[in-house]
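Peer 1: Build me a model from this:
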Amino acid sequence: QPQLVESGGGLVQPGGSLRLSCAASGFFLGDYAVGWFRQAPGKAREGVAEISAVGRSTNYASSVKGRFTISRDDAKQTVYLQMSNLKPEDTAVYYCAQGVFIGIYDYWGQGTQVTVSS
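Peer 2: The predicted structure is shown next:
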């Protein structure tokens, strides 16, 4: 059974940085696209960033472009989301998900809380 576990969330001041990790088990991560999503209280879930398996192409939401970077280390079975210049509106539970194709995700992690506040 594929499993994804997010980590690295926490409380950070505006302008700060965090790196989220998404550790995969039960399948070879290198064969799959991975996306990061977030959901703030009272809001719909939104896509943040995604990375394909082949070619390592990436997509970002306009709200995070230039501030967030998605990367993957398939040998470590891990995908990262480096978040910089964080803003209060980035506060949310962040989830990672995997799928055969970018944009279509089948398995999800449990999420990690990111809170940006002074």
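Peer 1: Which residues are in contact with the most centrally placed residue in the chain?
Peer 2: For the chain, the residue sitting closest to the mean C-alpha position, by CA atoms, centre = their mean, is Trp36 at 2.9 Å. Trp36 makes contacts with 20, 22, 47-50, 70, 79, 81, 94-96, as judged by CB atoms under 8 Å, 6 or more residues apart in numbering. In short, each C-beta sits where N, CA and C put it, glycine included.
Peer 1: Give the buried residues for the helix or strand hosting it.
Peer 2: Assigned by DSSP states H and E, Trp36 belongs to strand 33-39. Within strand 33-39, the residues scored as buried using 16 or more other CB atoms under 10 Å are 33-38.
Peer 1: what's the answer for stretch 23-33, then?
Peer 2: For stretch 23-33, using 16+ other CB under 10 Å, the buried residues are 23-24, 29, 32-33.
Peer 1: can you put those in TSV and add distance to Gln13 and pLDDT?
Peer 2: Formatted as TSV, the buried residues of stretch 23-33 follow (distance: CB to CB, whole Å; pLDDT from 0 to 100):
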residue	distance to Gln13	pLDDT
Ala23	26	98
Ala24	30	96
Leu29	32	92
Tyr32	34	95
Ala33	32	96
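Peer 1: Not including adjacent chain positions, what is the nearest residue to Thr112?
Peer 2: Spatial nearest neighbour of Thr112, chain neighbours left out: Gly9 (3.4 Å); criterion: CB to CB, 6 or more residues apart in numbering.
Peer 1: Quick check: the one you found vs Phe27, distance?
Peer 2: 23 Å (CB to CB, to the nearest Å).
Peer 1: follow-up on the earlier one: redo the buried residues of strand 33-39 as CSV? Include distance to Gly103.
Peer 2: Listed next are these as CSV, based on distance: CB to CB, whole Å:
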residue, distance to Gly103
Ala33, 8
Val34, 11
Gly35, 8
Trp36, 13
Phe37, 12
Arg38, 16
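Peer 1: now the strands for this protein?
Peer 2: 3-7, 10-12, 18-25, 33-39, 46-51, 58-60, 68-73, 78-83, 92-99, 107-108, 112-116 (DSSP state E).
Peer 1: Just the buried positions in the last one, please.
Peer 2: Buried positions in strand 112-116, judged by neighbour count with 16+ other CB under 10 Å: 112, 114, 116.
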